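Chemist: got a predicted structure here, sequence first:
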Amino acid sequence: MNSTTEQIQKNGFTVIKNCINNKILSEIKACINNKLIEKLKDLKKKNKKDLTSNYFELKKYFPQFNIQKIISEEILKKNLIDKLFNQKKLIDNLIYLIGPDLSYHMDFEVAISDKKNKKEEYYFVKKYHQEFWSGMGLESLMLWIPINLKKGMGTLEIIKASHEWGHIPHQNREPLKLRKKFKSTILKIDNGSVALFTALTLHRTIKNDHKEIRIAIPITVRNFNYPNHGNSDLFNFKPMNMSFFTKMRKKLGNPHLSPFRTIPLEEIE
Ligand SMILES: [Fe+2]
């Protein structure tokens, strides 16, 4: 068993260090900034000098929720998620954990944390929760990929080993019960690394008080051959890695294994 497997089994989360190249992170940031500028231009507003200023300017006219949606769609459209999953160390670790037939959740939503977010804004400053509550299957892995993370921005707070507590009773996006005593830990992660969680690992947002915005991509990955233990069948998943067997099935075209499906008649006796 490798250390990634050991840690996620023991704590319910782990970090794959230095598995994403800086170039891709810069491309994603540039893609976000360009989209913000495009939206500001549509509104006939001047763009500012950097991504954070463009974001705060656009937030005067659009709710944060919409901005997050718009930039998530743009990142997907520009194939930047495919690029992320083309990173060998990341994909090798995912294959080791849940096998080679992998797909990712296409309706992910970029998470922005800015200094103006208020504690009461539950959507942006989330209380302790399990992804399972919103339909993520037990068979899946949740990835938290920092895109713009600097010292002092904070990350996530996680309850160690809470994945072994089972499905925690909840209402209105917060737990109704927790253990009297538990150990929480602050996720230690840098740009270029990726955190992995189970669907049951309790975690919450740490508010970002830095002048720049924190940007992360939370995205679910699952093995499409595993039975769905959540609502995964209701979401859009895109296959991004295939086993030899899946590739062979795809090439054969159908489960009836039609003979000579794509071979010209004159070549068949
Ligand atoms: Fe979450």
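Modeler: Everything's here; your move.
Chemist: where does the protein have low pLDDT?
Modeler: The model of the chain has pLDDT under 70 over residues 1.
Chemist: just checking: what are the partner strands of the longest strand along it?
Modeler: Among the segments of the chain that qualify as a strand by DSSP state E, the longest is strand 214-223. Within its sheet, and counting by DSSP bridges, strand 214-223 is paired with strand 102-105 (antiparallel), strand 111-113 (antiparallel), strand 141-148 (antiparallel).
Chemist: between those, which one is closest to Lys207.
Modeler: The closest of these to Lys207 is strand 111-113. By C-beta to C-beta, the value is 6.7 Å. (Glycine included, C-beta is placed from N, CA and C.)
Chemist: now the closest one, how far from the chain's geometric center?
Modeler: Between the centre of strand 111-113 and the centre of its chain there are 12 Å (C-alpha atoms, centre = their mean, to the nearest Å).
Chemist: now do stretch 214-222
Modeler: 2 Å.
Chemist: what of stretch 100-117?
Modeler: 4 Å.
Chemist: returning to that earlier point: quick check: next helix or strand after the longest strand of the chain?
Modeler: On the C-terminal side of strand 214-223, the closest following helix or strand by DSSP states H and E is strand 237-241.
Chemist: quick one: the strands in the chain?
Modeler: Using DSSP E, strands in the chain cover 13-16, 102-105, 111-113, 141-148, 156-159, 170-171, 174-175, 184-186, 194-197, 203-205, 214-223, 237-241.
Chemist: quick check: Met106 vs Ile219, distance?
Modeler: 9 Å (C-beta to C-beta, to the nearest Å).
Chemist: was I right about Asn2 contacting Tyr96?
Modeler: Yes: at 6.1 Å, Asn2 and Tyr96 qualify as touching, with contact defined as C-beta atoms under 8 Å.
Chemist: contacts only, for the closest residue to Ser232 other than its chain neighbours.
Modeler: The shortest distance from Ser232 to any non-neighbouring residue, by C-beta to C-beta, 6 or more residues apart in numbering, is to Gly137 (4.2 Å). Gly137 makes contacts with 199, 222, 226, 228-232, as judged by C-beta atoms under 8 Å, 6 or more residues apart in numbering.
Chemist: residues in a beta bridge with Val194, which ones?
Modeler: Applying DSSP bridges, one finds that Val194 bridges with Ile16.
Chemist: please apply the same query to Ile186.
Modeler: Following DSSP bridges, Ile186 is listed with bridge partners Glu157.
Chemist: how close does the residue nearest the centre of the chain get to Glu121?
Modeler: The centroid of the chain falls nearest to Ile219 when counting by C-alpha atoms, centre = their mean (1.7 Å). The gap separating Ile219 from Glu121 is 22 Å, by C-beta to C-beta.
Chemist: so can I have a markdown table of the strands of the chain showing distance to Asn22?
Modeler: Output for these, formatted as a markdown table (distance: least, C-beta to C-beta, whole Å):
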| stretch | distance to Asn22 |
| --- | --- |
| strand 13-16 | 16 |
| strand 102-105 | 21 |
| strand 111-113 | 20 |
| strand 141-148 | 11 |
| strand 156-159 | 22 |
| strand 170-171 | 38 |
| strand 174-175 | 37 |
| strand 184-186 | 24 |
| strand 194-197 | 14 |
| strand 203-205 | 25 |
| strand 214-223 | 15 |
| strand 237-241 | 21 |
